[in-house]
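K.L.:
please work out how this folds:
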Amino acid sequence: MIYKNTLDGISSDMLKGFFVDWPKPPNPQTHLLLLKKSSKVIIAIDDQTNQVVGFITAISDGVLSAYIPFLEVLPEYKNKGIGKELVDRMLKELDGIYMIDLCCDDDLIPYYDKFGMTQTNGMVFRNYKMQSGSLKI
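P.N.:
Presented below is the predicted three-dimensional model:
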């Protein structure tokens, strides 16, 4: 497995199969754009197939706060330590930041507990008609 914190050499063709179970998933071109517009990104590439098999992103002001909106690993690559490695690497990238936040479903709380994260309350707004993304921004 190769881990990179750059998108050099990454094309939308390498981003297939993500956003499983989303009713309106972003297409690979929109996925690539969201990676490019993130403050930080780390990707996992299968060195045998040259396909991206996992990614994590962060949005940050670079001073005090960061938010991790996405951690995804393709279903066939889950439970191999790829997600853990992506989170560990992102937390190192954000080491100088005061607060690192993320939202997750209840069943994922034990997973993030292992990284020293603390459960808290949060509020979200979801505009589901825009779930597949927009290339206009």
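K.L.:
stretch 21-35: how far from the chain's middle?
P.N.:
Centre-to-centre, stretch 21-35 and its host chain are 12 Å apart (C-alpha atoms, centre = their mean, to the nearest Å).
K.L.:
would you mind finding the longest helix in this structure?
P.N.:
Counting residues, the longest helix found in the chain (DSSP state H) is helix 82-93.
K.L.:
now it: mean pLDDT?
P.N.:
Averaging pLDDT along helix 82-93 gives 97.
K.L.:
any idea of the pLDDT on the residue of the chain most remote from its centre?
P.N.:
In terms of distance from the mean C-alpha position of the chain, Gln48 ranks first, at 21.9 Å (C-alpha atoms, centre = their mean). We have a pLDDT of 94 for Gln48.
K.L.:
what about the strands in this protein?
P.N.:
Using DSSP state E, the strands of the chain run over 2-4, 40-46, 51-60, 65-73, 99-101.
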